[in-house]
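**Q** just the structure for this:
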Amino acid sequence: MNRRWNSGDFKLGVLGGGQLGRMLIQEAIDLDVHLHMMDEDPNAPCAQIAHSFTCASITDFEAVMAFGKDKDLITVEIENVNIEALEVLEKKGIKIYPQPRVLRIIKDKGIQKQFYSEHSIPTAPFKLYDNADAVARDNINYPVIQKMRTGGYDGKGVQMLKSASTSFKGPNLCESLIDFDKELSIIVARNQNGSMHCFPAVECEFNPEANLVEYLFSPANVSKETEKEAMKIAEDVIQKLDMIGLLAVEFFLCKNGELLVNEVAPRPHNSGHHTIECCNTSQYAQHLRSILNLPLGDTDLLHPGAMINLLGEKGFEGPAIYEGLHKILSLPGVHPHIYGKSHTKPFRKMGHITITGNSLQAVKNVADQVKEIIKVKA
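**A** Sure thing, here's the model as predicted:
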């Protein structure tokens with residue numbers, strides 16, 4: 001197929017129909033690119049706004065083959081997809097970005113860590129284990145950070161392991177506990193021509209109970225030298241992967257100033273939501289530009305910003321009620337994004353709030369108010 005990317009019959013397929021896909025659709029509309037989404041949830045955030053929506057499992061070989069056979073290009077919203085089907089589709093001449101071989105590396109955290117080690121990319125020391133018995137037999141200096149090799153997301157499948165008794169049962173990795181000062185993220189894009197652009201560094205703060213990002217801001221409170229080094233490493237990672245698309249690279253900034261790559265995600269990422277309001281080009285527009293081999297957009301910050309993940313409150317499950325939404329709309333620089341999920345449950349990502357302002361301190365002041373006011377209950 002050789003259809004132009006902005007012709008009415010060009011079909012861009014997306015595996016996954018969650019909030020990332022929803023925001024990708026919102027950018028695609030401006031370019032008149034038609035996105036065709038697939039997700040097993042009939043009420044997924046993309047279901048009502050995609051050009052077409054296929055309700056099927058993105059991990060099912062036959063379903064992915066059937067969905068992909070008439071597409072000009074396929075991308076992903078999440079790594080947990082049927083890679084075998086994508087490999088077959090790629091051999092049939094359908095463009096898949098990020099490439100299936102890249103997804104194979106990133107989907108398995110063990111293979112991902114081995115890739116860093118083999119390509120001299122700085123990362124925390126680690127060891128791979130086949131199961132919980134292998135962990136118990138080893139002489140581990142606890143505590144360590146343990147991660148399931150596949151299937152984990154949004155903080156699930158990651159824990160601080162203090163003894164073998166609570167080890168994950170399946171294949172896992174254990175890595176040294178890092179004495180870090182900050183957690184940073186750099187989002188880098190690369191198109192088919194090899195052009196690369198990084199977004200300014202983001203500083204992340206995690207919810208310790210849910211183990212996922214609760215709050216982030218940009219510019220990060222780091223030196224220009226640290227930011228440049230993080231960008232250099234991010235570009236090195238995407239080049240060594242020979243990847244086309246958008247890559248989020250998460251870092252530990254150690255107390256001695258060393259930067260270590262924690263994990264990467266080959267798609268738009270939670271740490272880039274603020275770019276919709278804060279940058280000349282959003283991460284979603286940049287993802288489209290990279291996979292369509294268009295010129296990459298300017299990533300400069302227009303103004304400082306913060307992003308708050310809107311998580312379901314503990315103790316509440318059912319039809320979602322956004323308590324305080326009316327009140328935060330009266331605050332300066334507040335931009336709510338509600339994901340269209342009808343039901344809430346504890347720590348489920350229901351939306352995010354971006355706050356913009358003239359200074360980072362002003363943004364943080366408003367963000368502190370927003371965090372206290374808005375709650376997702378049932």
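
**Q** quick check: Thr356 vs Pro304, distance?
**A** 7 Å (CB to CB, to the nearest Å). For glycine as for every other residue, the C-beta is placed from the backbone atoms N, C-alpha and C.

**Q** now the common contact residues for the two.
**A** 278, 363 (CB atoms under 8 Å, 6 or more residues apart in numbering).

**Q** surely Glu229 and Glu258 touch.
**A** No - contact criterion CB atoms under 8 Å: Glu229 and Glu258 do not qualify, at 9.5 Å.

**Q** more neighbours, the two?
**A** Counting neighbours by other CB atoms under 10 Å for Glu229 and for Glu258 shows that Glu229 has the greater number, 18 against 13.

**Q** for that one, which residues are in contact?
**A** Leu259.

**Q** which helix or which strand is home to it?
**A** Taking DSSP states H and E as the criterion, the element that holds Glu229 is helix 224-241.

**Q** output that helix as CSV, restricted to C-alpha atoms.
**A** In CSV, the C-alpha atoms belonging to helix 224-241 read as follows (Å, rounded to 0.1, in the frame of the first residue of the first chain):
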residue,chain,number,x,y,z
LYS,A,224,21.9,22.4,32.5
GLU,A,225,24.8,19.9,32.4
THR,A,226,22.7,17.2,34.0
GLU,A,227,19.8,17.8,31.6
LYS,A,228,22.2,17.8,28.6
GLU,A,229,23.7,14.5,29.8
ALA,A,230,20.2,12.9,30.2
MET,A,231,19.3,14.0,26.7
LYS,A,232,22.5,12.6,25.3
ILE,A,233,21.8,9.2,27.0
ALA,A,234,18.2,9.2,25.8
GLU,A,235,19.4,9.8,22.2
ASP,A,236,22.0,7.1,22.6
VAL,A,237,19.3,4.6,23.7
ILE,A,238,16.9,5.3,20.8
GLN,A,239,19.8,5.2,18.3
LYS,A,240,21.2,1.9,19.7
LEU,A,241,17.6,0.5,19.5
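
**Q** how about that helix: buried residues?
**A** Within helix 224-241, the residues scored as buried using 16 or more other CB atoms under 10 Å are 226-227, 229-231, 233-238, 241.

**Q** do the same with stretch 128-144
**A** Residues of stretch 128-144 classed as buried: 128-129, 132, 135, 140, 144 (neighbour count, 16+ other CB under 10 Å).

**Q** can you give me the strands for the stretch 1-150 of the chain?
**A** 12-15, 35-39, 52-55, 73-76, 95-96, 126-129, 144-148 (DSSP state E, counting those that start in this stretch).

**Q** distance to Asn280 added to these, as TSV?
**A** Formatted as TSV, the strands of the stretch 1-150 of the chain follow (distance: least, CB to CB, whole Å):
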stretch	distance to Asn280
strand 12-15	23
strand 35-39	22
strand 52-55	31
strand 73-76	22
strand 95-96	27
strand 126-129	37
strand 144-148	35
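
**Q** name the spans of this structure whose pLDDT lies under the cut-off.
**A** Within the chain, the segments meeting pLDDT under 70 span 1-2, 154-155, 207-213.

**Q** so what are the domain limits for it?
**A** 12-96, 125-175, 180-377 (automatic domain parsing).

**Q** give me the distance between the two termini of the first one.
**A** Domain 12-96 has an end-to-end distance of 10 Å (criterion: CA to CA, to the nearest Å).

**Q** what about it, distance to the chain center?
**A** Its chain's average C-alpha position is 16 Å from that of domain 12-96, according to CA atoms, centre = their mean, to the nearest Å.

**Q** then the second one?
**A** Using CA atoms, centre = their mean, we find the averaged C-alpha position of domain 125-175 to lie 22 Å away from the chain's own average C-alpha position.

**Q** then the last one?
**A** A distance of 9 Å separates the C-alpha centroid of domain 180-377 from that of its chain, computed with CA atoms, centre = their mean.

**Q** again, but for stretch 177-185
**A** The answer for stretch 177-185 is 18 Å, by CA atoms, centre = their mean.

**Q** same check, this time on stretch 114-124
**A** 20 Å.

**Q** between the strands of the stretch 1-150 of the chain, which one is closest to Lys156.
**A** Comparison of those against Lys156 by CB to CB identifies strand 144-148 as nearest, at 8.2 Å.

**Q** now for the closest one, which elements pack on it?
**A** Other helices and strands packing on strand 144-148, by 3 or more CB pairs under 8 Å, 6 or more residues apart in numbering; DSSP states H and E, are strand 158-161, strand 172-175.

**Q** same thing but at 10 Å, please
**A** If contacts are counted by 3 or more CB pairs under 10 Å, 6 or more residues apart in numbering; DSSP states H and E, strand 144-148 sits against helix 109-118, strand 126-129, helix 132-137, strand 158-161, strand 172-175, strand 259-265.

**Q** okay, now the sheet partners of it, with direction.
**A** strand 158-161 (antiparallel), strand 172-175 (antiparallel) (DSSP bridges).

**Q** kindly export the first one (C-alpha atoms) in CSV.
**A** Read it as strand 158-161. Provided in CSV are the C-alpha atoms of strand 158-161 (Å, rounded to 0.1, in the frame of the first residue of the first chain):
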residue,chain,number,x,y,z
VAL,A,158,7.4,-3.8,41.1
GLN,A,159,8.2,-4.1,44.8
MET,A,160,10.9,-3.6,47.3
LEU,A,161,11.8,-7.2,48.2
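
**Q** in it, what counts as buried?
**A** For strand 158-161, a neighbour-count test (16+ other CB under 10 Å) marks 158-159, 161 as buried.

**Q** quick check: end-to-end length of stretch 330-345?
**A** Terminal residues of stretch 330-345 lie 27 Å apart, using CA to CA.

**Q** in JSON lines, list the strands paired with strand 144-148 along with distance to Ile111.
**A** Shown next, in JSON lines, are the strands paired with strand 144-148 (distance: least, CB to CB, whole Å):
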{"stretch": "strand 158-161", "distance to Ile111": "17"}
{"stretch": "strand 172-175", "distance to Ile111": "10"}
